[in-house]
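> just the structure for this:
(one chain, ligands or ions: 2)
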Amino acid sequence: MKKAYELAKEQYKALGVDTDAVLKQMDKVQISLHCWQTDDVGGFEKPDAELGGGGIQVTGNYPGKATSIEEMRTDLDKVLALLPGKQRLNLHAIYGEFGGELVDRDQIEVKHFQGWIDWAKERGMGLDFNPTCFSHPMADTGFTLSSKDESVRKFWIEHVKRCRAISAEMGKQLGTPCVMNTWIPDGSKDEPIDRNGHRALLKASLDEALSTPYSKEHMIDAVESKLFGIGAESMTVGSHDFYLGYAIANSKAICLDSGHFHLTESVGDKISSCLQFVDDVLLHISRPIRWDSDHVVTFNDEVRLIASEIVRNNYLDRVKIGLDFFDGSINRVGAYVVGTRAAQQAFMVAMLEPTKTLREYEEKGQYFERLALLEVLKTRSFGAVWDYYCQVNNVPSGDGFIADVQKYEQAVLVKR
Ligand SMILES: C[C@H](O)[C@H](O)[C@@H](O)C(=O)CO
Ligand SMILES: [Mn+2]
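Ligands and ions are numbered 1, 2, ... in the order given. Take a look at the predicted model:
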């Protein structure tokens, strides 16, 4: 492997790229693992909880879904052991440790998440967080923060407020800001008459829910837009226009989910636009197939453009990288490993680009040369650099992780 790496190093050196520097630079890529892939977005508020409503859906019934926080942590440790580099963990509010009590969303406190904070601290990881404004009777009408019913709005405002306090404490205790992302399912199946009314209510609810000031050293608010959801095909209250406007006007981060735009739109193209106006972008890297299907991320052109845009513009400090897929049709631990590695690979390939040369071609109008070099790069020995990176990080390289996931399935998952 070292030999293959040395050859690749020479190949990239000829193009003006220092592969050793790339290996170091990869340390800056910290991907936040979305906890909800372990259990198909069920959460542990009550036994056998399942994702309900919210315009999102998990398909598949592959054996081995985590049925408790303990199982979830075992799975996450397995995932972490198969990934090179450092990761964060992204929690949803339904994953608190409620000790068998029914703690409603407007009652959650730091104490329900202290176990996670300690867990993360032991692993030297940062945490991110999300209010859960779905899978709850108060979300059954399809509206939460933008509901016309004041009692419904109040309930969700209180939930978001408590989530922010929890997030700030997570960031404080772990010494790294917790990104708290608010996504709500609010929308309408059929053509509504009062789009404006719901958007005005959402703005007012957010103003109140996000009013407590917290240091950016502890927590960063992000808001996530969406084009449409299941059962909300005609109008989504929190559209991209709405949230980009809100984020700019209120100095919040905007969350761009790869599945939340028309399929011909590209999240990679949006990053440099948003960052002209907001301090931070949060990514939910996903793989939409025909709709916001939340397929496991693969190393495709979409993800590569996202990574290239971040690396080419030195935006690694301003773009927080999260994943958002939930596939219950395959081994869930394997799904994490494939999806996270794919995103990491996209960043590595972006770092192996001789951007300076490409930029010079572009500045001089040498578009044939720019195109040709981009094509040549597609056949360079990136795989050897990736394998070596895995080796120096003591995780399986090549297809080695497949056997590890299979072993874990036999030893742990099938017994659940
Ligand atoms: C579970 C997440 O909050 C959810 O996936 C959200 O981020 C989203 O993308 C909804 O479509
Ligand atoms: Mn998302």
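
> rest of the way, CA atoms for contacts and neighbours
Will do.

> tell me if residue 292 really is in a strand.
Yes - counting by DSSP: H, G, I helix; E, B strand; the rest coil, residue 292 falls inside a strand.

> buried residues in whatever helix or strand residue 206 lives in?
Residue 206 is located in helix 195-209, with elements delineated by DSSP states H and E. Using 16 or more other C-alpha atoms under 10 Å as the test for burial, helix 195-209 gives 198-199, 201-203, 205-206, 209.

> turn the residues you listed into a markdown table, including distance to ligand 1.
Converted to a markdown table, those look like this (distance: C-alpha to the nearest ligand atom, whole Å):
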| residue | distance to ligand 1 |
| --- | --- |
| 198 | 19 |
| 199 | 18 |
| 201 | 20 |
| 202 | 17 |
| 203 | 19 |
| 205 | 18 |
| 206 | 17 |
| 209 | 17 |
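
> between which two of those is the distance greatest?
Spatial extent of the buried residues of helix 195-209 (C-alpha to C-alpha) is set by the pair 198 and 209 at 15.9 Å.

> quick one: neighbours of the closest residue to residue 349 other than its chain neighbours, just the number.
Nearest non-adjacent residue to residue 349, counting by C-alpha to C-alpha, 6 or more residues apart in numbering: residue 382, 6.8 Å away. Using other C-alpha atoms under 10 Å, residue 382 has 20 other residues around it.

> where does the protein come near ligand 1, residue by residue?
Counting by C-alpha under 6 Å from any ligand atom, the positions of the chain adjacent to ligand 1 are 56, 183, 324.

> for residue 144, phi and psi?
phi -120, psi -90 (degrees, to the nearest 10).

> just checking, it touches residue 158?
No - between residue 144 and residue 158 there is no contact under C-alpha atoms under 8 Å: 11.5 Å.

> these two: who's more crowded?
Neighbours were counted for residue 144 and for residue 158 using other C-alpha under 10 Å; residue 144 has more, 27 against 18.

> wait, what's in contact with that one?
By C-alpha atoms under 8 Å, 6 or more residues apart in numbering, residue 144 lies in contact with 133, 138, 152-153, 156, 184-186.

> most surrounded residue in those residues?
Most crowded among those, counting by other C-alpha under 10 Å, is residue 186 at 30 neighbours.

> what's the neighbour count on the closest residue to that residue other than its chain neighbours?
Distances taken as C-alpha to C-alpha, 6+ apart put residue 143 closest to residue 186, at 4.4 Å, once the chain neighbours are dropped. Per other C-alpha under 10 Å, the neighbour tally for residue 143 reads 25.

> doesn't residue 143 belong to a strand?
No - counting by three-state DSSP, residue 143 is not found in a strand; it is coil.

> all strands in the stretch 301-416 of the chain, in order from the N-terminus.
319-323 (DSSP state E, counting those that start in this stretch).

> picking up where we left off before, and the helix holding residue 206, what does it pack against?
Packing partners of helix 195-209 (3 or more C-alpha pairs under 8 Å, 6 or more residues apart in numbering; DSSP states H and E): helix 150-174.
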